[in-house]
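K.L.:
Based on what follows, work out the 3D shape:
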Amino acid sequence: MDEKESMQFKDWISVITENNVGTWIELYKEIKDDSNNLVCYSSLLKKEYVKASLKDYTWDFHITDRFGSENIIPLLIKRHFYGIKPDYWEITDDMILFFNLFEDKQNKKFSYIDDNGDEEDVIIISDNEVKIKNLFLKEYLHAKKLVLVQFFDLFRYSQKTIGELGMGAINSKEEKESYIYHHVLNDDSYSIENRKSTSSLIGKKIIAPSDSFKTKLFSEKEEYEEFVIGLNQDGDKKLFTCNEDFLANYFGSNKHNPHFLTPVFFEKKVLDKYYNQPEKYFVSDGYLSCQALWGLRMDNSNKDYVMIFLGDLGHLSNKEQKHWKQHNTITDGKMSQSCFQRGFMAEFCDPDTADLYFKQKFKVFQEKWYTKYGWHLFLPLNKEDEHYYQTLRIPTKESQKEFDELVQALAKIIIDSINIKELKKNLVSEESEEDVRKSVKSEFLLKKNDQSIEVFKKYLVQNHNFYFPDMFCFLKSLQDLRSTGSAHRKGDNYENTKKKFGLNNNFKDVFENILTECIKIVNTLSGKKYNLI
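P.N.:
A predicted model of the protein is given here:
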């Protein structure tokens with residue numbers, strides 16, 4: 001846009017006169033420089049006041065007003081504290097409560113959290129701009145039977161006269177059903193800072209939902225996906241809705257349709273989405289939850305796939321159903337033994353997969369050890385590290401990256417968490433009195449430079465006559481696998497460590513074997529022979 005078009009305000013006039021608003025609508029915008037002094041501000045109006053408001057191009061409401069009037073309702077207010085405290089923008093409480101918006105003060109924005117647990121930015125605030133997402137504004141206006149009015153107070157300056165710009169003076173007013181503005185362009189008689197001409201545009205624009213607007217965020221209409229529930233006699237995939245209203249049950253409904261408890265099978269990687277966001281989702285043995293928003297029963301005790309009952313899928317949002325549908329490629333799966341025993345026989349049963357079984361055994365061991373000794377053998381992870389435990393699993397793909405991350409997680413849970421401080425309290429060291437040292441073989445005396453695994457070994461030997469060289473050899477190899485593979489650049493040492501584990505791009509099987517060895521360690525420590533717990 002050249003200077004002539006700029007002084008004619010072609011850019012802003014198109015904004016005022018056209019209805020092609022985008023994803024975001026500006027509630028406030030300010031631009032100040034040598035050539036511009038532009039302010040756009042917004043407020044809410046009652047529908048019946050629109051005609052009266054558009055009779056005058058001057059503003060009905062000002063940025064510093066806090067209370068509004070019978071027909072004008074504040075939406076955005078600039079709070080001033082006269083230099084004693086920082087000024088800031090405030091959004092009306094009614095808007096925040098209507099959508100239950102979360103205020104992120106650090107990033108200066110308000111977000112909407114839907115029933116699926118997904119977040120969406122709705123209002124973003126910066127020093128010179130406040131904008132709101134179009135869809136949310138229209139939802140609010142539709143529900144409240146209000147409109148938004150945008151006020152414009154725009155000035156531009158040029159170092160050329162209007163004659164030098166190839167224009168004549170302008171003093172015009174234009175008004176339509178949804179806007180009004182007054183445009184003045186003339187030479188600047190004050191000659192401030194070499195300004196030879198000034199262009200001003202003052203007016204307002206009404207923004208409202210269309211007559212055909214239908215609510216989208218709060219629609220009561222539910223949508224249901226169809227899922228593969230097996231194959232028909234011709235070998236084609238057989239699909240059926242997860243809508244409970246069309247499923248058979250034990251009370252006689254829809255007798256000829258698939259049952260609510262029809263098993264539906266999914267690729268194991270369907271859970272990657274949830275493992276990758278441990279701050280939001282929690283994957284446990286037989287259950288998936290999104291904080292307090294929703295939960296889903298599942299059979300994740302098979303290392304190759306996940307099973308969900310058809311009717312339970314219908315309790316998910318349609319957005320979540322679509323995610324699961326993408327991975328609904330398994331047609332010949334079987335319910336795990338543990339799922340059957342728990343769900344249909346009402347019997348307690350350990351999980352079938354190494355990852356879930358390890359977590360269960362490890363948790364029980366931790367609790368029993370603490371009950372007996374009053375301290376943890378493996379220190380609980382702090383809040384920032386809890387995700388290592390929550391996301392521990394058998395890899396869903398043959399990926400070096402995923403394998404490295406899981407090895408790192410397992411090492412954090414076991415090796416890095418060995419409670420060295422408490423173990424050392426119960427150890428005879430090389431510095432102990434001579435008569436005390438005589439009761440312990442020299443090779444098991446605590447040394448100054450002993451690291452976590454060595455301290456662990458010597459504690460078990462000295463205090464419980466417990467010595468399993470293979471166990472400590474495995475822990476050392478796991479530590480080496482993390483150190484040479486995850487924590488540092490890979491090299492010859494990593495290649496040597498890989499050989500110990502038989503690792504050759506078979507990441508899933510190798511990590512499952514590692515978890516199995518960890519289960520053996522927990523089972524050994526939990527055994528009655530040594531009466532550790």
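
K.L.:
what residues does whatever helix or strand residue 143 lives in touch?
P.N.:
Assigned by DSSP states H and E, residue 143 belongs to helix 134-144. Among residues not part of helix 134-144, those counted as contacts by C-beta atoms under 8 Å, 6 or more residues apart in numbering are 21-25, 44, 94-95, 98-99, 112, 122, 146-148, 207-209, 213, 215-218. Heads up, the C-betas are built off the backbone N, CA and C, glycines and all.

K.L.:
Which SSE is immediately downstream of that helix?
P.N.:
strand 146-158.

K.L.:
Off-centre distance for that next one?
P.N.:
37 Å (C-alpha atoms, centre = their mean, to the nearest Å).

K.L.:
so how far is the helix or strand harbouring residue 343 off the chain centroid?
P.N.:
Residue 343 is part of helix 337-344, with elements assigned from DSSP H and E. Distance of helix 337-344 from the chain centroid (C-alpha atoms, centre = their mean) equals 32 Å.

K.L.:
hey, C-alpha coordinates of it in CSV?
P.N.:
Extracted C-alpha coordinates of helix 337-344, given in CSV (Å, rounded to 0.1, in the frame of the first residue of the first chain):
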residue,chain,number,x,y,z
GLN,A,337,-6.8,-63.8,30.4
SER,A,338,-6.4,-61.1,33.1
CYS,A,339,-9.2,-59.0,31.5
PHE,A,340,-11.5,-62.1,31.4
GLN,A,341,-10.9,-63.1,34.9
ARG,A,342,-11.3,-59.6,36.3
GLY,A,343,-14.3,-58.6,34.2
PHE,A,344,-16.3,-61.8,34.0
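
K.L.:
Which residues does the next helix or strand after it contact?
P.N.:
Using DSSP H and E, the helix or strand that follows helix 337-344 towards the C-terminus is helix 354-373. The contact list for helix 354-373 (C-beta under 8 Å, 6+ apart) reads 285, 300-301, 303, 350-351, 376-378, 380, 389, 392-394, 413, 512, 515-516, 518-519, 522-523, 525-526, 532-533.

K.L.:
Helix 354-373: which residues count as buried?
P.N.:
By neighbour count on 16 or more other C-beta atoms under 10 Å, the buried set for helix 354-373 is 354, 355, 356, 357, 358, 359, 360, 361, 362, 365, 366, 369.

K.L.:
separation between the fourth one and residue 531?
P.N.:
Between residue 357 and residue 531 the distance, using C-beta to C-beta, to the nearest Å, works out to 23 Å.

K.L.:
are any of the contacts of helix 354-373 buried, and which?
P.N.:
285, 300-301, 303, 351, 377-378, 389, 392-394, 413, 512, 515, 518-519, 522, 525-526, 532-533.

K.L.:
quick one, strands of the stretch 251-400 of the chain?
P.N.:
In the stretch 251-400 of the chain, strands defined by DSSP state E, counting those that start in this stretch lie at 263-267, 281-284, 287-290, 294-297, 305-309, listed in chain order.

K.L.:
From the contact counts, what lies against the helix or strand encompassing residue 455?
P.N.:
Using DSSP H and E, residue 455 maps to helix 452-464. For helix 452-464, the packing partners by 3 or more C-beta pairs under 8 Å, 6 or more residues apart in numbering; DSSP states H and E come out as helix 420-425, helix 469-481.

K.L.:
what packs against the shortest one?
P.N.:
What it means is helix 420-425. helix 452-464.

K.L.:
List the buried residues for the helix it packs on?
P.N.:
452, 453, 454, 455, 456, 457, 458, 459, 460, 461, 462.

K.L.:
For this structure, which helix or strand comes out least confident on mean pLDDT?
P.N.:
In the chain, no helix or strand scores lower on mean pLDDT, DSSP states H and E than helix 434-437, which sits at a mean of 84.

K.L.:
Helices - which of the buried ones among the contacts of helix 354-373 land there?
P.N.:
Members of the buried ones among the contacts of helix 354-373 lying in helices (criterion: DSSP state H): 389, 413, 512, 515, 518, 519, 522, 525, 526.

K.L.:
Residue 477 versus the spatially closest residue to the last one that is not a sequence neighbour, what's the distance?
P.N.:
In other words, residue 526. Spatial nearest neighbour of residue 526, excluding adjacent residues (C-beta to C-beta, 6 or more residues apart in numbering): residue 365 at 5.4 Å. Distance, residue 365 to residue 477, using C-beta to C-beta: 21 Å.
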